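[1] Any chance you can model this:
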Amino acid sequence: MSKILNIAAYRFVHLNDPAAIRDRLLPHALALGVRGTILLAHEGINLFLAGPETTVRTFLAILDDDSRFAELDIKESWSDDWPFHKMKIKLKDEIVTFRQPQVNPAQTPAPFISAAELKARLDRGDDVVLLDTRNDVEVDTGTFQGALFWGNKNFTEFGEVAKQRVDEIKNKTVVSFCTGGIRCEKAAPYLHSLGVENVYQLEGGILRYFEQVGRDHFDGDCFVFDERAAVDPGLAPTAR
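    Purely as a prediction, here's the structure:
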């Protein structure tokens, strides 16, 4: 079995003390020897960590002691090598940059659709628009069959392009998706604010879909933002 546990998680929750949280968590992370990145902002937390299973789970238990981070929805995968070189905790304006301040996922989330339900709809041939909210490099690595992609080179650009092209999908059933779900936490309610009445976000993103469903209706692999480069539907590292 691969020796390095890789985890990803996020939560939109109001944090009035991101700097204090950083100062509390960083010594624990360094002492345990976990590596990766934690992003903290007033809107929440976004983390990508790796290490031996015992140390990673110990750090998660420390996070769990803070009620704001209790029972995070963790996505797990394994690798033989470290995907990160060091441990960093960064303070940011947003845990995922979108620059549409009117969007508040903690207060006005869009409904989720599970991986199993999406697969069932695709198996039936339901009329569903799969909207890829990622960037062009990620899409080139792999995406859902027949997915709509607006050509944006980053997530901020997606917000601007959506204003111009939203009429294409206003009367459709739309499922937005991304790597692990965090971008769609903003993209889906944003699309709803632009008039897309029937819009869902894929729960857990592509990574959760791979975990629960596999490759059905998906071509290629999933780009990830660490040294693994991409993962296949078994969540194993693969060359891009």
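[2] Distance-wise, check the closest residue to Tyr190 other than its chain neighbours relative to Ala20.
    Distances taken as CB to CB, 6 or more residues apart in numbering place Val103 nearest to Tyr190, at 5.0 Å, with adjacent residues excluded. Quick note: C-beta positions are derived from backbone N, CA and C, even for glycine. From Val103 across to Ala20, the span is 26 Å (CB to CB, to the nearest Å).
[3] Repeat that for Gly159.
    In terms of CB to CB, Gly159 sits 30 Å off from Ala20.
[4] So between those two, which is more surrounded?
    Ranked by neighbour count (other CB atoms under 10 Å), Gly159 and Ala20 place Gly159 first, with 21 against 11.
[5] could you say what helices and strands whatever helix or strand the more buried one lives in packs with?
    In this assignment (DSSP states H and E), Gly159 forms part of helix 155-165. When contacts are defined as 3 or more CB pairs under 8 Å, 6 or more residues apart in numbering; DSSP states H and E, helix 155-165 sits against helix 182-193.
[6] export the helix it packs on as PDB, just CAs?
    Below are the C-alpha coordinates for helix 182-193, written out as PDB (Å, rounded to 0.1, in the frame of the first residue of the first chain):
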ATOM      1  CA  ILE A 182     -14.900  24.400  -3.900                       C
ATOM      2  CA  ARG A 183     -15.200  26.500  -7.000                       C
ATOM      3  CA  CYS A 184     -18.700  25.300  -7.600                       C
ATOM      4  CA  GLU A 185     -19.700  26.400  -4.100                       C
ATOM      5  CA  LYS A 186     -19.300  29.900  -5.700                       C
ATOM      6  CA  ALA A 187     -20.100  29.200  -9.300                       C
ATOM      7  CA  ALA A 188     -23.500  27.500  -8.800                       C
ATOM      8  CA  PRO A 189     -25.100  30.200  -6.600                       C
ATOM      9  CA  TYR A 190     -23.500  32.900  -8.900                       C
ATOM     10  CA  LEU A 191     -25.200  31.300 -11.900                       C
ATOM     11  CA  HIS A 192     -28.400  31.200 -10.000                       C
ATOM     12  CA  SER A 193     -28.100  34.900  -9.300                       C
END
